[in-house]
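>>> Let me see the structure of the following:
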Amino acid sequence: VTARLETVLAGFHGSIIGGKLAARWIIGGTLQGDLKGIGLRAEGHFGMPDADGDGHLDGPLYGQLSARVEHSWPWHNLTVGGEYAFFSDGAAAAADYITRVARLFPDELPYLGRHYAGVNAALDIIPILNLGVVGLVNAADGSGITTVSLVYNASNEVDLSLGMLAGWGYRPIPAADGTPRLRSEFGATPIAAFLQTTIAF
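So this is what the prediction gives:
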């Protein structure tokens with residue numbers, strides 16, 4: 001259960017949100033707008049763990065924050081953006097990633113570290129064919145993933161996507177007991193190809 005207040009001021013849209021999510025209480029907000037053609041967006045929240053839902057905190061407070069800058073040009077609808085994210089409850093070192101997995105909330109995306117940086121670029125090769133590139137780096141261990149995709153607008157409200165995903169970074173090594181020891185978050189990411197159809201109605 002959440003409550004949300006929002007308004008627009010000086011061309012920027014802002015909101016404040018608070019309430020109960022899966023196993024925690026949160027209070028946070030967003031701010032987004034355009035400044036001389038540059039798109040700006042920031043969002044974040046403070047969380048108070050409460051697994052039992054009884055109003056008593058059962059873990060340390062944490063905070064998560066992300067900020068994004070983006071700019072577009074008319075030439076082939078070219079868009080370039082960059083983003084940074086901080087997770088205070090993320091693991092400080094690769095040796096703690098497995099422990100971090102056990103602390104993830106049920107609805108939380110599996111980011112294991114504390115600092116991330118991302119970039120993206122997209123352009124229309126032709127009006128119905130878009131090329132996109134996205135890169136994400138764990139700024140602490142230097143590992144990352146990148147995706148390259150082509151999106152073809154096959155017909156009204158139907159898109160076909162074809163792409164590849166690959167990662168880099170230190171690969172896991174066996175520990176003394178034979179279990180794998182992580183040395184980076186994305187180092188074990190395989191090279192993968194994907195084909196996707198999106199139908200809107």
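
>>> I'd guess residue 101 is in a strand, am I close?
No. Counting by DSSP: H, G, I helix; E, B strand; the rest coil, residue 101 is located in no strand; its state is helix.

>>> Who are the packing partners of the helix or strand of the chain with the lowest mean pLDDT?
Taking mean pLDDT, DSSP states H and E as the measure, the helix or strand of the chain with the lowest value is strand 180-181, at a mean of 82. Counting contacts by 3 or more CB pairs under 8 Å, 6 or more residues apart in numbering; DSSP states H and E, strand 180-181 is packed against strand 173-174. From N, CA and C alone the C-beta is placed, and that goes for glycine too.

>>> Give me the mean pLDDT for the strand it packs on.
Mean pLDDT, computed over strand 173-174, is 86.

>>> Give me the residues contacting it.
Applying CB atoms under 8 Å, 6 or more residues apart in numbering, the contact partners of strand 173-174 are 180, 181, 183.

>>> So what's the gap between the helix or strand just after the least confident helix or strand of the chain and the chain middle?
Using DSSP states H and E, the helix or strand that directly follows strand 180-181 along the chain is strand 192-199. The chain centroid and the centroid of strand 192-199 are separated by 19 Å under CA atoms, centre = their mean, to the nearest Å.

>>> So which elements touch strand 192-199?
The elements that strand 192-199 packs onto, with contact taken as 3+ CB pairs under 8 Å, 6+ apart, are strand 158-168.

>>> Name the residues of the strand it packs on that come out as buried.
Across strand 158-168, burial judged by 16 or more other CB atoms under 10 Å covers 159, 163, 165, 167.

>>> Tell me the one of those nearest residue 91?
Within the buried residues of strand 158-168, the smallest distance to residue 91 is 17.6 Å, found for residue 167 (CB to CB).

>>> Just list the residues touching the closest residue to that closest one other than its chain neighbours, thanks.
Counting by CB to CB, 6 or more residues apart in numbering, residue 167 lies nearest to residue 189, which is 2.6 Å off, once chain neighbours are set aside. Residues in contact with residue 189 (CB under 8 Å, 6+ apart) are 145, 165, 166, 167, 168, 169.
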